[in-house]
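> When you get a sec, could you give me coordinates for this:
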Amino acid sequence: MYKLRPYQSQAVENTLSYFRKSREPAVIVLPTGAGKSLVIAELAKIAKGRVLVLAHVKELVEQNHAKYESYGLKAGIYSAGLNQKDTDDKVIFGSIQSVARAKESFFKNFNLLIIDECHRVNSSEETQYGDVIKKLQENNQGLCILGLTATPYRLGMGWIYEYNHNGVLQTQEKRFFKQCVFELPLEYMIKNKYLTVPVKIDIPVTCYDFSDLTESGRMYSTSQVEELLKQQKRLTPLIIKNIIDITENYNRQGVMIFSATVKHAEEILASLPEGEAKIVIGDTENSERDQIIEEFKQKKFKYLVNVSVLTTGFDAPHVDVIAILRPTESVSLYQQIIGRGLRLDPKKKDCFILDYTGMGHDIYAPEISDKRPSKESVPVVVTCPDCGCDNTFWGLANDDGEMIEHYGRKCKGAYQDAHTMEIIECGHRFRFKLCPSCGQENDVTARECEKCEAVLIDADSKLKQARLSKDAHILTPDSFELEKGVDKNGHNFLEVKYYDFDAKYLSERHYLGSQTGLKKFNINFLRSHMRRPELCEHLGNADDVIKYQKLLRIPKFVIARKRDKYWKITEKIFVEELT
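Numbering: from 1, shown residues only. Got it, this is the predicted structure:
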């Protein structure tokens, strides 16, 4: 019989607690190697009714079933690929393709549906998962649905669930999975020696340049990747030689190479030692794939090249080198690839991570749904002044890791009403666009007020209008300076001058001698100029503003309009406002 680790027990307890109050679909997030099969086994064992465990590939079905029965438990299999279609067991492990074609009688009396690698689920009724879920719910309206994944984030969609049990609202968009009831970071597993230590090796040779693809912020096609690799074809043999040198010099046991396309994989294979390398792609016959994987596990060859087929459901503990030669769209996918080499093995003490993509992903970094603003941007933690939630945003940090600036817009903090299970969000906005009609705070890119629905002019439109107007001037500032002054009526003011590369400037004055003046200055200047807008309240006079000028940032554009003989600044546009 098995014994749960503390975090596995917590995952089970959180799941039971949640389903006692709700029947909305939930998610458990566990990194590769965290022992999700034990969590599945425990939940299936204590479930009062029948349990269906679904996976998208037969390897996962077989793996989960074998581990379940290794704990002294009995379960059936429903998978054409495994030549087995059991229907009467309390617990059934099935492949989604086979279960979707099962007879109507199969779907009766299930109380719990567990979906492995649930980030692949599309719950639309037109999909296999959607069809299966519909049939199960028709037979039991109280069906509990639980997903397990190491990567709760999908490119093009974002987070697969809405609310995290730690008090973070990941998305306001509706998702099939409503809540993450337990999440364990990869760093915890490594620090507590449940996984092998990953060692990221500084590559002494050149890397591919995928920036044309990744910096666009859009999904890219195989043909686009192939075209880029074609232009950089001479790099592949150099990279493979580097992988071989590291493998041989450090006496590594097993190497997994992740390639971008089938053609790329074939080029890689041609540069590897003959008889020491094999390739697995999507079109590889199942029997041949099984044989190749088994030979690799038995260490009959050292280098296994694959194209997007071994990121999940693959277990070869001896792997101690992961070579990444394909662009990875998200941190989650990057971490899942690395996870292939982190399983414990008596004969290895670490796993080398060789990244030849130049994308700079961090092994431990959390997923951030917003597009990375620049290569210099790093994840930074920003505490909300209203609710205390620690938000992770893109930002800038100094060499000591101290935050200089962040690009966060809205706090992700939220809490759940214990009785109604309603999610109430914090709503604090670090940066916002005020509606001129009703004063409502809106997202900086909003085109319509969320309260009164008034039209809000976006930054691109402002620039376009200014360029077409003979009475408007657009300055692209390179620097700015702050000076105190006194007007002809004896009133103190703070003057801000914005200079461009040619030393031409536009200026504005702010009067801070009253509470009303301070409030206007806060709204019209500080809230947008502060590198860390949550610190606005600490600047209460002109001397403070000048003293802490390093806390201020420069707009991307400054727009001024002619007022008699003078130019009056009417709009300032910052980088996060531009689409």
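> Quick one: residues contacting residue 81.
Residues counted as contacts of residue 81 (Cβ atoms under 8 Å, 6 or more residues apart in numbering) are 58, 61, 95, 97, 98, 286. Placement of C-beta: from N, CA and C, glycine included.
> Could you pick out the buried ones from these?
By neighbour count, with 16 or more other Cβ atoms under 10 Å, the contacts of residue 81 hold 58, 61, 95, 98 as buried.
> about what we covered before: between the contacts of residue 81, which is nearest residue 227?
residue 286 (31.3 Å; Cβ to Cβ).
> For the closest one, give its distance to residue 117.
18 Å (Cβ to Cβ, to the nearest Å).
> Contacts for stretch 250-264, please.
Counting by Cβ under 8 Å, 6+ apart, 222, 225-226, 229, 236, 243, 246-247, 265, 268, 281-283, 296, 299, 302-307, 310-311, 316, 318-327, 337, 340-341, 347-348, 352 sit against stretch 250-264.
> buried subset of these?
Neighbour-count burial (16+ other Cβ under 10 Å) applied to those gives 225, 229, 236, 243, 246-247, 265, 268, 281, 296, 302-307, 310-311, 316, 318-327, 337, 340-341, 348, 352.
> coming back round to it: out of the buried ones among the contacts of residue 81, which are inside strands?
If you go by DSSP state E, the buried ones among the contacts of residue 81 have residue 95 in strands.
> Format the buried ones among the contacts of residue 81 as TSV; extra columns: pLDDT and distance to residue 543.
As requested, these are exported to TSV (pLDDT from 0 to 100; distance: Cβ to Cβ, whole Å):
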residue	pLDDT	distance to residue 543
58	86	71
61	92	69
95	96	70
98	96	73
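> where exactly do the helices run in the stretch 51-200 of the chain?
With helices called from DSSP state H, counting those that start in this stretch, the stretch 51-200 of the chain shows them at 58-70, 96-99, 128-139, 186-191.
> Kindly reformat those as CSV and extend each row with distance to residue 112.
Listed next are these as CSV, based on distance: least, Cβ to Cβ, whole Å:
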stretch, distance to residue 112
helix 58-70, 14
helix 96-99, 15
helix 128-139, 10
helix 186-191, 26
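> Outside of the helix or strand hosting residue 291 itself, list whatever touches it.
Per DSSP states H and E: residue 291 is located in helix 286-297. Taking contacts as Cβ under 8 Å, 6+ apart, the residues outside helix 286-297 that touch it are 58, 81, 254, 278, 280, 284, 301, 304, 309, 314, 316, 318.
> of the residues you listed, the lowest pLDDT goes to which?
Confidence by pLDDT is poorest for residue 314 among the contacts of helix 286-297, given 72.
> Tell me who's in contact with that one.
Counted by Cβ under 8 Å, 6+ apart, residue 314 has contacts 59, 293, 340.
> Relative to residue 522, how far out is it?
For residue 314, the distance to residue 522 - Cβ to Cβ - is 55 Å.
> what do you get for residue 358?
Noted for residue 358: a distance of 42 Å to residue 522, by Cβ to Cβ.
> Equivalent analysis for residue 30, please.
The value you get for residue 30 to residue 522, if Cβ to Cβ is used, is 44 Å.
> These two: which is more packed in?
Between residue 30 and residue 522, counting by other Cβ atoms under 10 Å, residue 30 is the more crowded of the two (21 against 18).
> mind listing what the more buried one touches?
Residue 30 sits next to 11, 36, 39, 148, 149, 150, 182, 183, 184 when contact means Cβ under 8 Å, 6+ apart.
> between those residues, which is closest to residue 531?
residue 183 (29.9 Å).
> pLDDT at that closest one, what is it?
At residue 183, pLDDT is 95.
> how close does it get to residue 64?
20 Å.
> Between those two, tell me which one has more neighbours.
Neighbour count, other Cβ under 10 Å: between residue 183 and residue 64, residue 64 has more, with 24 against 19.
> Endpoints of stretch 380-396, how far apart?
Criterion Cα to Cα, to the nearest Å; first-to-last residue distance in stretch 380-396 is 7 Å.
> for it, what is the average pLDDT?
Taken as a whole, stretch 380-396 carries a mean pLDDT of 93.
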